[in-house]
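> no sequence for this one, just the structure:
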Ligand SMILES: NC(=O)c1ccc[n+]([C@@H]2O[C@H](COP(=O)([O-])OP(=O)(O)OC[C@H]3O[C@@H](n4cnc5c(N)ncnc54)[C@H](OP(=O)(O)O)[C@@H]3O)[C@@H](O)[C@H]2O)c1
C-alpha cells in the first residue's frame, strides 16, 4: 500500500521551490500531502493558485511574526522544506525553531547548492549558521546540495539563439576551463528532493544529488557541436577573479543587496570553476551521501537534452526580470 507523508514547502514560487513542488506533486511512492507556506502578500500569486488546483494547500506564514502561529502552521508535518531565496537565509532560524516546537519529523534547510569548502563562499557561511542552529536545537534535518544549474552554463552564440536564456551578467571561462564540476537541471531538483526527504538513511545527513559532471570546455564544445556555431571564450584568470572578490568584499555588502549577490556569484565561480570543490570525491570527504549511490537509476535529464531545448527556443529563462549586477 502506498504511504503518504505530510510535507510543507516554503518558497514554492521561486526557481528551486517550483521544481521541488513539481517533484512532490509527481511523487507516487510516497504520496505527499503538500502544503505551500507563503508570505501573506504572496498567497494569491498565480503560481500558488495553479498549485492549489493540483491539490496543494496554501497557508500564509510570517517568519518574523508570532512563533506560536508559525508552529501551529507546522503541526503534523513529517517534513518541512525551505527553498527561501539566498537573500533571506537567516529568516530560517525562526522557521527551524517553529519546526522544533511543532515536533516536525525532518527540516530541510535551503541549501540546493554546490559542494563548497568552508570559508570560500559567504553565502555558504550563512547556510552553515542555519545548520549549526538546527543542530544546536536538536532538530532532525537533511541537507541537499545539487551542483550548479545547467541553466547558468551556456554562452551566447553568434546567431543569438541562446540570448533568451543567457545570464544578464557576463559569462567567463574560469582559468583554463578544465575544472570538472557537478551539474543538475534546475527542473530535476524536485525529482531528487522528493526521493531524499522520505528516506530514513538521509536523516541528519547531507546528500549530494547531481546529474552530470563536466568542465566548461566540455560544455562549450557540446553547445558548439549541437548548434554548429562557435562561442566566444572570455577567460578569467584566478588572479583577476581574486581581485574582483577582494574589491566586492571590501564593501562589506549587506545581505540581499546587489553586491551581496555579486560576491556570491564571484565566489561560486572560484569554488566550482577553479578550486574544483563541487565534485563527488570532495563531497564524500566532507561526509555527504551520494544520491546516485543511494538511488541507482534515479537520473535527471542529460545536459545535451537541455542544450537541444535551448536551441529550439523552448527553455525556461531563470529569474525573469531580475538583474543581480
Ligand atoms: N545550484 C545552483 O546553481 C543555484 C543557483 C541559484 C540559487 N541556488 C540556491 O537555491 C536556493 C533557493 O534560491 P532560488 O534562487 O531558487 O530562490 P528564488 O527563486 O529567489 O525564490 C525565493 C522564494 O523565497 C520566498 N521568500 C523570500 N523571502 C521570504 C520570506 N521572508 N518568507 C517567506 N518566503 C520568502 C519567495 O516567496 P514570495 O513568493 O513571497 O516572493 C520565493 O518563493 C538558495 O539557497 C540559492 O543559494 C542554487
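Perfect, thanks for sending it. Note that this is a predicted model, so its numbers are computed, not measured.

> pLDDT wise, what is the residue nearest to residue 166 when sequence neighbours are not counted at?
Setting aside the residues directly before and after it, residue 166 is nearest to residue 156 in space (Cβ to Cβ, 6 or more residues apart in numbering), at 5.1 Å. For the C-beta atoms, the positions are set from N, CA and C on the backbone; glycine is no exception. What the model reports for residue 156 is a pLDDT of 95.

> I'd guessed residue 156 sits against residue 230; true?
No. Taking contacts as Cβ atoms under 8 Å, residue 156 lies outside contact range of residue 230: 11.4 Å.

> going by secondary structure, residue 113 is in what exactly?
Using DSSP states H and E, residue 113 maps to neither a helix nor a strand.

> which ones are touching the residue of the chain at minimum distance from the ligand?
Per Cβ to the nearest ligand atom, residue 14 is where the chain lies closest to the ligand, at 2.0 Å. Counting by Cβ atoms under 8 Å, 6 or more residues apart in numbering, residue 14 touches 83, 84, 85.

> number of nearby residues for the last one?
Counted with other Cβ atoms under 10 Å, the burial measure for residue 85 works out to 16 neighbours.

> ok, now residue 281?
Neighbour count of residue 281, defined by other Cβ under 10 Å: 10.

> just to revisit the earlier point, what about residue 156 and residue 230, which has more around it?
residue 156 (17 against 11).

> residue contacts, that one?
Here residue 156 is in contact with 162, 163, 166, 171, 231, 232 (criterion: Cβ under 8 Å, 6+ apart).

> so residue 73 touches residue 37, yeah?
Yes. Counting by Cβ under 8 Å, residue 73 does reach residue 37; the two are 6.7 Å apart.

> which non-adjacent residue is nearest the residue nearest the centre of the chain?
Centroid-nearest residue in the chain, with Cα atoms, centre = their mean: residue 112, separated by 3.2 Å. Nearest non-adjacent residue to residue 112, counting by Cβ to Cβ, 6+ apart: residue 16, 4.9 Å away.

> the one you found: neighbouring residues, count only.
A total of 27 residues lie near residue 16 under the criterion other Cβ under 10 Å.

> now the host helix or strand of it, how far from the chain's geometric center?
In the assignment (DSSP H and E), residue 16 maps to helix 15-26. With Cα atoms, centre = their mean, to the nearest Å as the basis, helix 15-26 stands 11 Å off its chain's centre.

> before we move on, what about stretch 108-127?
A distance of 10 Å separates the centroid of the chain from that of stretch 108-127, by Cα atoms, centre = their mean.

> so, low pLDDT: which residues of the stretch 1-150 of the chain?
Scanning the stretch 1-150 of the chain for pLDDT under 70 picks out 1-2.

> strands of the stretch 201-325 of the chain, start to end?
Taking DSSP state E, counting those that start in this stretch as the test, the strands found in the stretch 201-325 of the chain are 205-208, 212-214, 235-236, 289-290.

> can you check the stretch 51-200 of the chain too?
So, for the stretch 51-200 of the chain - with DSSP E, counting those that start in this stretch - the strands run 57-60, 79-82, 106-108, 142-145, 148-149, 173-174, 181-184.

> export these as JSON lines, with columns for mean neighbour count.
Converted to JSON lines, the strands of the stretch 51-200 of the chain look like this (neighbours: other Cβ atoms under 10 Å):
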{"stretch": "strand 57-60", "mean neighbour count": "15"}
{"stretch": "strand 79-82", "mean neighbour count": "27"}
{"stretch": "strand 106-108", "mean neighbour count": "24"}
{"stretch": "strand 142-145", "mean neighbour count": "24"}
{"stretch": "strand 148-149", "mean neighbour count": "22"}
{"stretch": "strand 173-174", "mean neighbour count": "21"}
{"stretch": "strand 181-184", "mean neighbour count": "25"}
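
> residue 248: which of those strands is closest?
Among the strands of the stretch 51-200 of the chain, strand 173-174 comes nearest to residue 248, with 16.5 Å by Cβ to Cβ.

> spit out the contact partners of residue 224.
So residue 224 contacts 230, 231 (Cβ under 8 Å, 6+ apart).

> residue 203 reaches residue 106, doesn't it?
Yes. Because the distance of 6.2 Å satisfies Cβ under 8 Å, residue 203 is recorded as touching residue 106.

> common neighbours of these two, please.
Common neighbours of residue 203 and residue 106, using Cβ under 8 Å, 6+ apart, are 140, 141, 142.

> quick one, what contacts residue 289?
Contacts of residue 289 by Cβ under 8 Å, 6+ apart are 201, 202, 205, 206, 207, 208.

> and it, bridged to which residues?
residue 207 (DSSP bridges).

> check the gap between it and residue 272 for me.
For residue 289, the distance to residue 272 equals 20 Å [Cβ to Cβ, to the nearest Å].

> now residue 73: how far from residue 94?
12 Å.

> next: residue 35.
Remark: distance between residue 35 and residue 94 (Cβ to Cβ) = 18 Å.
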